[in-house]
Each structure stands twice: as C-alpha cells, then as structure tokens.
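# sequence first, predicted model second:
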Amino acid sequence: MNINATLLGQTLAFVLFVAICWRYVWPPIIAIMEEREKRISDGLEAAKKANDSLEEAKLNYEAELDKAKSESADIVEKANQRASQIISEAKTKAEAEAEKIIASANKNLEAEINKTKEALRKDVSEIIVSTTEKILGDEISQEKHEKIISEAAQKI
Amino acid sequence: MATESSEITTTGYIEHHLTNLICGKTEKGWTCDPYLADQMGFWSFHVDSLGWSVFLGLVFIGLFRMGIPKLSTEAPSGIQNFVEMCVEFVNENVQSIFTSAKNPIIGPMALTVLVWVFLMNLMDLVPVDYLPTLAGNIAAFTGLVEEPGDAYFKVVPTTDPNITLGMALAVFVLIIFYSIKMKGLKGFVAELTLHPFGKYLIPVNFVLEFVNLIAKPISLGLRLFGNLYAGEMIFILIALMLVFNSIAIGLLGVGLHIIWALFHILILALQAFIFMVLTIVYLAMAHETEDH
C-alpha cells in the first residue's frame, strides 16, 4: 500500500478524461437535450394556443347557432302569418266570387224563365187564336184582332 | 487457485490479493518483479490499477460517445436514454450546488467522476479470484512468470490509494487554481490567513485554514479508498471460506458473497456519488468570492 508514481499517472488520466468529456462528450448531449426541451415547450405552447382558439371558435359557433336559430324562428313565424293571411284573403275572394257567380246564375235563370214564359204565352195565344179561327171560321184575322190577342196573351 | 494449492496459507491468500502488479526502476533497470518493489522507490507504477483505470475511463468515453451519433431530439432510446439520464442527473446536481458562479468544465468533470468512479467501483463485484487467476494463467502461459500464483493482479482501481488520491490531487489543483483565479492571489492568501480570528492571529488562522484546505483532497481520496478497500477485504474474507474442503462452509460462503455483493452495490454507487458531489462542492467553494 505504498504511494508511488501511480498517483501522478492517475492524475494525468483524470485530467485527460475530463478534457475529452468536456470537449467531445458533454456538449452534444447537452445541446440535444436543450433542443428537445425547447421543442417540447414550444409544442406545449402551440397546444395551449390551439386550445384557446378552439374555445373561441366554440363560443363563436354557439353565438352563430343561437342567432341562426332565432332568425329561423322569426322566418317561420312570418311565413305562418303570411300563409294565414293569404288563406283568409283567398277565402274572402272565393266567397265573393261564388256570390257573384250565384247572382249571375240567378239572373240568367230569371231571364230564361221570363223568356220561356214569353214564348209559352206567344205559343198559347197562337194556339188559342188558331183554335178560335178554326171554330169561328176566318172571321178573326190576325191583324184585326192583334190588340185583343196580345191583351189575352198578357193575361196568361 | 487457492483451493488447489494447499501450501497457500490464509495470510498468503489475503496478501496475494492485496498486492499490486508493480513495475518500476531498480538498480538492474526496469522490472515488474513484485519482490523487488522495495527497491523501486517513488518512480514505480501499479500497472494493474492504472491499466484498469484507463480501460474503464475508455469504456466511459466509448459508452457516452456511442450514444451521440444516433442522438435524436425526437424520441431517444436505449443507450441514449441512459446517457441522457446520467447527464441530466449530473447537470441538476451541478446547477443546484453552483448557484452563483458558472464554469463550463464542472459539468463534464462531475460526469466523468461519477461514471468513471462508479465503473471502477463496479469491478469490486467481479468475484475476487476470477481476473487474478485469469491474469496469472495468461502470465504463466506466456512465460512472464513461472507459476500462475506468482503473478500479482489487483483488479479494483479504487482499492488502490494511489488512484483515489491521484484524482483527489487533480481536484485539489483545480481548487487552488480556481481560488486564485476567482479571488486573486491576494484574496486566496487572505482567505487562508485572516479567518477565523482576524489579522492579529495570522499564524493560528493559517494553521487552521491550511489544515482545512489540505483535509479536502485527503478526505476525498481516503474516503473512497477506505470504503472500497474494506468492501474488497470482506469479499476476500468470504472467498476464503471456499478454501476449506467443506461443502457446507462453501455454500455459506456463496450465500454470504451474494448478500454482501447486493449490499455492496449500494456502497459502490453511493461512494461514486459522494465523490462527485464533494468535487462539485469543493470547487463551488473555490468559486465563492464573498467573505464569510
């Protein structure tokens, strides 16, 4: 267990290995670790940012959705109103039209009835005249008794 | 080897395990004969300790360089994970201790100390007879020694005080270097002489502060050495149980070896960690410029 030059040899080896480690081993490992650290912190920051913007987008989306919902409700309401208005309008129009049609039909019918009545009267008076002629001979002429015939026809 | 040669005594076995392979200069020139170790003087080397130490240092560099070519910022895997974990652990420790001053060499040094010392400590877990027996047989085979048992080979570098004190010496030199660099020579001398009793008791202050300064590297080196030497010693004593020709004692030895090895893993890692932290703390103290 004696102290000898081994001690100096070990000191020299120590200095050499420390120098090698300092020069060639330590720096690349530290550099790579620092780079990774930076990458990770950057990534975390980016993730945080993305999260924030996602939150914001969510809020925006919800607001937009609410707006669209109320708008669509408005539109539906308006449409309903308009529809009922159109229906009532159409109803009144149709009723008026129907009344009009019925009135004109009545009028026509009356005219037809009158016409028919007139024609019947004429026919009846003619029949009566001709029958009377046949009975009385030619004494009654159409022209002479025009007045009486038309009066009679009037009475039928 | 011990189980086969009955002439080896318990003392001999322990001594054999605690003797380094030493090479040095004697009157006859350079030799690696352990029996001439007394004649070698200071300029001799423990080839085994130094060899393992350098080899494990290269393992450390290789391991940590291997992670680099494939380094990716995306998803690290395998060895890169391990490398990054170590670096991050060391970096956190350095940054928590070095709060005010910054020094780019502290981190790499702390990493080197941690991993290198841990690897050297880890050699303690290799059963004590394996590598010495292998080395002895290789030496005998190649004719370097006559018998395998003549070759001495100590595997765990940190059980050699030269190794631990050698690293502590480097730390000590750095402490003095940075003390002078940060505080100036005047500030360093003032720190050594003007505390804790003021300028009228400079000799007393100097003795106290000098002991304080010297104690740092010595305690740093001897703590690691002492822990590992004791652990190694217990492994050797447990291995001795296998020398007896008794199956029961042998099995007990194996059980004890496993238990001690499991417990020792904690000590290995802890001592490497303590060595690293103290290195950082001492250097952080050297960087402190304000008076206390």
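Happy to help now that I have it.
# pLDDT below threshold where in the chain?
Looking at chain A here, since you left the chain open. A:1, A:138-144, A:153, A:156 (pLDDT under 70).
# nope, chain B
In chain B (pLDDT under 70), the answer is B:1-8, B:69-73, B:290-292.
# residue of it closest to chain A, please.
Nearest residue of chain B to chain A, counting by C-beta to the nearest C-beta: residue B:166, 2.8 Å away. From N, CA and C alone the C-beta is placed, and that goes for glycine too.
# that residue reaches residue A:7, doesn't it?
Yes. At 4.2 Å, residue B:166 and residue A:7 qualify as touching, with contact defined as C-beta atoms under 8 Å.
# which secondary structure element is home to the nearest residue to the residue of chain B closest to chain A once chain neighbours are set aside?
Spatial nearest neighbour of residue B:166, chain neighbours left out: residue A:10 (2.8 Å); criterion: C-beta to C-beta, 6 or more residues apart in numbering or on different chains. Assigned by DSSP states H and E, residue A:10 falls within helix A:6-20.
# can you give me the buried ones in that helix?
The neighbour-count check on helix A:6-20 (16 or more other C-beta atoms under 10 Å in any protein chain shown) flags A:6-7, A:9-11, A:13-14, A:17-18, A:20 as buried.
# count of neighbours near residue B:65?
16 (other C-beta atoms under 10 Å in any protein chain shown).
# which stretches of the chain form helices?
In the absence of a named chain, chain A is used. Here chain A has its helices, by DSSP state H, at A:6-20, A:26-136, A:146-155.
# let me rephrase: I mean chain B.
In chain B, the helices defined using DSSP H lie at B:10-18, B:37-40, B:47-66, B:79-97, B:106-122, B:130-141, B:161-193, B:202-240, B:247-287.
# so the fourth one, near chain A or not?
Yes. With C-beta under 8 Å from any C-beta of the partner chain as the measure, helix B:79-97 is seen reaching chain A through B:83-84, B:87-88, B:91.
# report the buried members of these.
By 16+ other C-beta under 10 Å, these give B:83-84, B:87, B:91 as buried.
# buried sites along stretch A:92-112?
For stretch A:92-112, the buried set under the neighbour-count rule, 16+ other C-beta under 10 Å, is empty.
# sorry, back to before: redo the helices of chain B as a markdown table? Include distance to residue A:59.
Putting those into a markdown table (distance: least, C-beta to C-beta, whole Å) gives the following:
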| stretch | distance to residue A:59 |
| --- | --- |
| helix B:10-18 | 78 |
| helix B:37-40 | 86 |
| helix B:47-66 | 52 |
| helix B:79-97 | 42 |
| helix B:106-122 | 49 |
| helix B:130-141 | 73 |
| helix B:161-193 | 58 |
| helix B:202-240 | 64 |
| helix B:247-287 | 53 |
